[in-house]
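Show me the folded form of this:
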Amino acid sequence: MLTFFFLRSRNVFKLVSIINQITPCVLFLLSAFVLFKNSNIFDFVLFGIPWSISLSISAYFVCANINWHLAYFHLICFYFRLILISVKKKMRFKLFDLNFKNRMILVNLSRLNQIILLINKFNQGFWSKYSAIMFATYNAIICAILYQTFFVDADLLTKSLLGHTLQFNISIFWCYIWSAIIVFREFKKIAKVLTQNYVNSNEDMTVIGKLKVSRNKFQANNQVIKI
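Residues are numbered from 1 along each chain as shown. Okay, here's the model as predicted:
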């Protein structure tokens, strides 16, 4: 499990590093292309190139801030998912000793409660504020680019670039949503396992009760025969 987590972390960090290096270069080229197309050489050299450089530097810091936090958020959620999978596997057991089985259920419930308290601690701290910023920022960005893509008059090349930018931002926002969804899905699976354990425990109690009743009847019949 730890090896898989380390491999996932390495791949995520490599991907974030590549995105942080590519994004400023792409924005510089797009900005320079648009300004060069809509201005003369003198204005482009005097204003266009400095503006494109300033935009790419700002994009580098903004992109790094968003992507690195998103990477850590994804890895934290993925770590919680691995812990929940481990707890779920330990809950799937079949034991004939009912007392020991109930004791194991209580141990797993206690472990699950500790995980929930840890997740709640993360939610009450930095990551709740990060989630609020992500929702507010990316909803505004996606809506703005969506409006520019479909309702603003522009040439085909500009609309194509805006469309690709829209897809990129939707992918980032979906990665954030999906990171939280994988934890929620594991909780749903654990709830099913807990429900199944509860049903099995009731069935075991019913079987044990029937066996006790049958044994009492058998003992009573033996006493009658002896009399």
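
Over stretch 26-37, what's the mean pLDDT, rounded is fine.
The average of the pLDDT scores along stretch 26-37 is 82.

Pull out the buried residues from stretch 21-30.
In terms of neighbour count (16 or more other C-beta atoms under 10 Å), stretch 21-30 has its buried residues at 23, 24, 27, 28, 30. No exception for glycine: its C-beta is placed from N, CA and C like everyone else's.

CA-only coordinates of that stretch in PDB, if you can.
Once non-C-alpha atoms are left out, stretch 21-30 reads as follows in PDB (Å, rounded to 0.1, in the frame of the first residue of the first chain):
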ATOM      1  CA  GLN A  21       6.500  24.600 -16.900                       C
ATOM      2  CA  ILE A  22       4.300  24.400 -20.000                       C
ATOM      3  CA  THR A  23       1.500  26.800 -18.900                       C
ATOM      4  CA  PRO A  24       3.500  30.100 -18.800                       C
ATOM      5  CA  CYS A  25       5.100  29.300 -22.200                       C
ATOM      6  CA  VAL A  26       1.700  28.600 -23.800                       C
ATOM      7  CA  LEU A  27       0.200  31.800 -22.400                       C
ATOM      8  CA  PHE A  28       3.200  33.800 -23.500                       C
ATOM      9  CA  LEU A  29       2.800  32.500 -27.100                       C
ATOM     10  CA  LEU A  30      -0.900  33.000 -27.100                       C
END
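
does residue 154 count as helix, strand or coil?
Under DSSP: H, G, I helix; E, B strand; the rest coil, residue 154 falls in the coil class.

Point to the residue nearest the middle of this protein.
Geometric centre of the chain, nearest residue: residue 179, 1.3 Å, by C-alpha atoms, centre = their mean.

I'd say that one and residue 78 touch.
Yes: Residue 179 is within contact range of residue 78, at 7.3 Å (criterion: C-beta atoms under 8 Å).

Which other helices and strands does whichever strand or helix holds residue 26 contact?
Assigned by DSSP states H and E, residue 26 falls within helix 2-37. Counting contacts by 3 or more C-beta pairs under 8 Å, 6 or more residues apart in numbering; DSSP states H and E, helix 2-37 is packed against helix 49-91.

ok so, going back, save the buried residues of stretch 21-30 as a markdown table, and put in distance to residue 43 too.
Shown next, in a markdown table, are the buried residues of stretch 21-30 (distance: C-beta to C-beta, whole Å):
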| residue | distance to residue 43 |
| --- | --- |
| 23 | 26 |
| 24 | 23 |
| 27 | 20 |
| 28 | 17 |
| 30 | 18 |
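
nearest to residue 83, of those?
residue 23 (32.8 Å; C-beta to C-beta).

How many residues are close by the closest residue in space to that closest one that isn't next to it in sequence?
Distances taken as C-beta to C-beta, 6 or more residues apart in numbering put residue 63 closest to residue 23, at 4.6 Å, once the chain neighbours are dropped. Residue 63 has 19 neighbours, counted by other C-beta atoms under 10 Å.

wait, doesn't residue 63 sit right on residue 19?
Yes: between residue 63 and residue 19 there is a contact under C-beta under 8 Å: 7.0 Å.
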